[in-house]
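Visitor: Got a predicted structure plus its sequence, pasted below:
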Amino acid sequence: MSLFSELKRRNVLRVAAAYIAVAWLVIQVAETLFPVFGVGDAVIRGVVILLAIGFVPAVISAWAFELTPEGFIRDREVDRGSPAIRRMTQRLDRLIMVALALALGYFAFDKWVLDPSRDRAREQEIAREAKEAGRAEAVRRSADSGSSEGPPMVAVLPFVSISGGEDSAFFAAGVHDDLLTQLAQLESLRVISRTSVMEYRDTERNIREIGQALGADAILEGGVQTAGDRIRINAQLIDARTDEHLWAETYDRELIPANIFDVQTEIAGAIAAALQSTVTDRDARNLSLIPTRNMAAYRTYHQALNMRDSKHGVRTSPEYRALLREAAELDPNFTRPLAELVGSLSLPNFRQKDPALIEAAERTLAEIEAVAPNSSDFLIAQAYYTYYILQDFDLAHAIASEALEMSPSDVRLVEMKSWIERRQGNFYAMIDSIRQMRSLDPRNPRWTQSLINNLILTHEYDEAQTEIETRGRTYWELRWLPLLRVREHGDLGRYAEEMEAVYKEFRDNAPVLHLWDARIAARDFTGAAALLDQVSDAEIQRRSGLSMQQIMRVFTYWCLEQQDRLADALADGWATVEEHQNSDGYLETGRTILEQAFLSAAGGGSEQAEMLVRRWNREVADDWASRIPYLDIACRMLGMAGIAEAAGECIRTGLAEPSSVMPFLEPFLPYYDSVRDSPEFIELLAELGVP
């Protein structure tokens, strides 16, 4: 008899098959259940090893013994032909079949039920790890943005007037401004901007606290005293980390501009030496320059600066321009006021051209070129003219970058460069410029607000949230936090509650619009309607289109399906549009086109709304600054109009490029309810992983 036949006769093969089937089933169940109860992989491995070891004794036992109704009996004593043995063999066959059926059933259950669940769990774990990695990277980048790597950072505190007289105060402010301007031109140093240091005028905070708040390596403080035709300037440089005095000097000179600038040159050189920073050849040339020797021109120029810095909106005023022109006429070689004058003349021409102002700007540019064609003042004036009047953004960026090389710490030049980058559509370069501005002007909340806004536009949500959590202080920063947290919990009702808490904390500075937006997102339309009469005067005011209150009324009544109120709100909106279109000086913009699309969509004019959105796309195709902030609005108008395919493509575009379209918010808003069940929108939701 062959070995195989003998193994079969003794039921060894049946026992082996049953053992393997049952062992496999036990292992699969153990792998599924043990982790649920916190049992580690080591125990599962132990079960597998024990079952493997047990296989050998089971097979040997099957060879040597036979299971009978009377128990285990040696194989040689068993009568294979007896009915009892045949029944036991049949039972063993049934056991194998049951074990195999259970194994097969478990295999199917594992593959089609448990496997997808495990895959989802693994995906969630991977997503969680990726999110943690993203947050860690965001924290690192946020910390790096305030790092002190590079040339030493110096903060020049406002100089004090020692004698207390009006003339001393004037020159104290002038010396401080001029010293900041001179230091901003040095490659070997970085200087904190005027905006950030002004809050420390007459401060009682110690140097270490100021240095930490400004991110400065050293603090320069000083005072100015005038008496007749003499000026005394004292200055001292202090290590911001140790409070150690690094350098101090007093200068007593005749009160003429040349001496004032000479003192500033000596101070700048002393700062570089004290901080062991190498003064480059270009730095030395910049330090040797004397902008003006005319005291009347010096005084007039600083009067203009005081006007610009103390009053909002005077940069394009006739009074400001007159002072700059007067300073230049008193000293035709004094190019600083001329550069500022070109900026003042160019600025109003960005939206509507004024031939007289353009001609005046071109004459002023020619004046600077005739006197100082290689100066930073000429480059700054060219950048103003190229940006505001020519609107050649690539050329303006090249000029501004060249000017910035000559004045690397000039925060206003960096700001102009960031505006140009926005117009170029290079929002990532703009973010880098904003970081640079914040480093040079750390106490100005505008830069953190701008950084957060642009990180959200570029879909860098982790970094934006980190910025808010680590640096957020004002409403304009903290208002984003409830929305960004939707990524974690996905609950728009909770978003509205958290937004209401932020709104209540900053009620005096918080527009109702943001709370209304949150209630609309949460589909609390009745709660949104309750806010319509709480809109501030600023939100009611109209410029060239609909007021925010008009927009809020139309959409709220559209959501509530209150047809009578909606009809009245639409009539009011169209009347406003017609009023503006018939007024002198009306300028149609991308925003006003979208407002008309909004009114059309809310009134059931789907074709008109779609046509207007297409027109908007054509109008702003190359105007990134007008396109990016309003792309989400265009998508919503298409959704309201019921244009499913176009709305879906619009959202895809918004997610692929910088925009306010957010994947965790946009598809769930009521603007898209009319297309929500369409195949095109369902496909979009599937792409976004929405169940």
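Guide: Looks like it arrived, so ask away.
Visitor: Quote the end-to-end distance of stretch 664-671.
Guide: In stretch 664-671, first residue to last residue: 15 Å (Cα to Cα, to the nearest Å).
Visitor: Just confirm residue 409 is within a strand.
Guide: No. Using DSSP: H, G, I helix; E, B strand; the rest coil, the assignment for residue 409 is coil, not a strand.
Visitor: Next, the contact list for the residue lying closest to it once chain neighbours are set aside, please.
Guide: Excluding its sequence neighbours, the residue lying closest to residue 409 (Cβ to Cβ, 6 or more residues apart in numbering) is residue 184, at 3.9 Å. All C-beta atoms are positioned from the backbone trio N, CA, C, and that covers glycine. For residue 184, the contact set (Cβ atoms under 8 Å, 6 or more residues apart in numbering) comprises 191, 407-410.
Visitor: And residue 612, by the same measure?
Guide: Contact analysis of residue 612 by Cβ under 8 Å, 6+ apart lists 593-594, 596-597, 600, 637.
Visitor: Need the residue closest to the centroid of the protein.
Guide: Most central in the chain under Cα atoms, centre = their mean is residue 455, positioned 1.5 Å from the mean C-alpha point.
Visitor: follow-up on the earlier one: may I ask which of the contacts of residue 184 has the most neighbours?
Guide: Highest neighbour count within those: residue 191, with 29 neighbours (other Cβ atoms under 10 Å).
Visitor: and it, what does it touch?
Guide: Counted by Cβ under 8 Å, 6+ apart, residue 191 has contacts 153-156, 180, 183-184, 409, 440.
Visitor: let's see 6 Å
Guide: Contact analysis of residue 191 by Cβ atoms under 6 Å, 6 or more residues apart in numbering lists 154, 183-184, 409.
Visitor: which among the residues you listed gets closest to residue 167?
Guide: Set against residue 167, the nearest of the contacts of residue 191 by Cβ to Cβ is residue 183 (24.3 Å).
Visitor: Spatially, and excluding backbone neighbours, which residue is closest to the closest one.
Guide: Distances taken as Cβ to Cβ, 6+ apart put residue 191 closest to residue 183, at 4.1 Å, once the chain neighbours are dropped.
Visitor: in the stretch 351-500 of the chain, which spans are helices?
Guide: Here the stretch 351-500 of the chain has its helices, by DSSP state H, counting those that start in this stretch, at 355-371, 376-385, 393-406, 411-424, 427-440, 445-457, 461-471, 475-478, 481-484, 486-489, 492-505.
Visitor: Out of the ones you listed, indicate the one that is most buried.
Guide: Mean neighbour count (mean count of other Cβ atoms under 10 Å) peaks for helix 376-385 among the helices of the stretch 351-500 of the chain, with a mean of 25.
Visitor: elements contacting that one?
Guide: helix 336-346, helix 355-371, helix 393-406 (3 or more Cβ pairs under 6 Å, 6 or more residues apart in numbering; DSSP states H and E).
Visitor: thought residue 334 was touching residue 292?
Guide: Yes. Between residue 334 and residue 292 there is a contact at 4.0 Å, judged by Cβ atoms under 6 Å.
Visitor: Can you name the helix or strand that residue 584 falls in?
Guide: Secondary structure assignment for residue 584, by DSSP states H and E: no helix or strand.
Visitor: how much space between it and residue 352?
Guide: Separation of residue 584 from residue 352 (Cβ to Cβ, to the nearest Å): 12 Å.
Visitor: more neighbours, those two?
Guide: Counting neighbours by other Cβ under 10 Å for residue 584 and for residue 352 shows that residue 352 has the greater number, 8 against 4.
Visitor: How about the more buried one, nearest residue that isn't a chain neighbour?
Guide: residue 587 (6.8 Å).
Visitor: Pull the number of nearby residues for the one you found.
Guide: For residue 587, using other Cβ under 10 Å, the count is 9.
Visitor: Can you tell me the SS state at it?
Guide: With three-state DSSP as the basis, residue 587 sits in coil.
Visitor: again with residue 639
Guide: helix.
Visitor: Work out for me the element residue 607 sits within.
Guide: Following DSSP H and E, one finds residue 607 within helix 606-619.
Visitor: following that helix, which helix or strand comes up?
Guide: Per DSSP H and E, the first helix or strand lying C-terminal to helix 606-619 is helix 624-627.
Visitor: average pLDDT across that next one?
Guide: What helix 624-627 shows for mean pLDDT is 89.
Visitor: Mind listing what's buried along that helix?
Guide: 624, 626-627 (16 or more other Cβ atoms under 10 Å).
Visitor: From residue 450, how far off is the residue nearest to residue 352?
Guide: 25 Å.
Visitor: ok, now residue 606?
Guide: 37 Å.
Visitor: and what of residue 645?
Guide: Separation of residue 645 from residue 450 (Cβ to Cβ): 35 Å.
Visitor: One more: residue 153?
Guide: Distance of residue 153 to residue 450, given as Cβ to Cβ: 21 Å.
Visitor: before we move on, back to that, and the contacts of residue 184, which is closest to residue 262?
Guide: Nearest to residue 262 among the contacts of residue 184: residue 191, at 19.1 Å, using Cβ to Cβ.
Visitor: Give me the phi and psi for the closest one.
Guide: phi -130, psi 140 (degrees, to the nearest 10).
Visitor: beta partners of it?
Guide: residue 154 (DSSP bridges).
Visitor: Give me the local confidence score for it.
Guide: Reported pLDDT for residue 191: 93.
Visitor: cool, and residue 53?
Guide: pLDDT at residue 53 comes out at 79.
Visitor: Please name the residues that touch it.
Guide: Per Cβ under 6 Å, 6+ apart, neighbours of residue 53: none.
Visitor: Pull up the gap between residue 153 and residue 189, please.
Guide: For residue 153, the distance to residue 189 - Cβ to Cβ - is 8 Å.
Visitor: Please apply the same query to residue 611.
Guide: Per Cβ to Cβ, residue 611 is found 57 Å from residue 189.
Visitor: Between these two, tell me which one has more neighbours.
Guide: Just comparing residue 611 and residue 189: by other Cβ under 10 Å the higher neighbour count belongs to residue 189, 24 against 15.
Visitor: contacting residues around the more buried one?
Guide: If a contact means Cβ under 6 Å, 6+ apart, then residue 189 has 151-152, 154, 183, 277 as its contacts.
Visitor: So which of those is the closest to residue 251?
Guide: Closest to residue 251, out of all of the contacts of residue 189 and judged by Cβ to Cβ, is residue 183, at 16.5 Å.
Visitor: From residue 588, how far off is that closest one?
Guide: Noted for residue 183: a distance of 46 Å to residue 588, by Cβ to Cβ.
Visitor: and what of residue 305?
Guide: Counting by Cβ to Cβ, the gap from residue 305 to residue 588 is 37 Å.
Visitor: So for those two, which sits in the more crowded spot?
Guide: Here residue 305 and residue 588 are compared on neighbour count by other Cβ under 10 Å; more neighbours surround residue 305, at 22 against 13.
Visitor: Which secondary structure element is home to the more buried one?
Guide: Taking DSSP H and E as the definition, residue 305 sits inside helix 295-310.
Visitor: and after that helix, which helix or strand comes next?
Guide: The helix or strand immediately downstream of helix 295-310 is helix 318-330, counting by DSSP H and E.
Visitor: Contacts for that next one next, please.
Guide: Residues outside helix 318-330 that contact it (Cβ under 6 Å, 6+ apart) are 294, 296-297, 300-301, 303-304, 307, 314, 334, 337-338, 340-341, 344.
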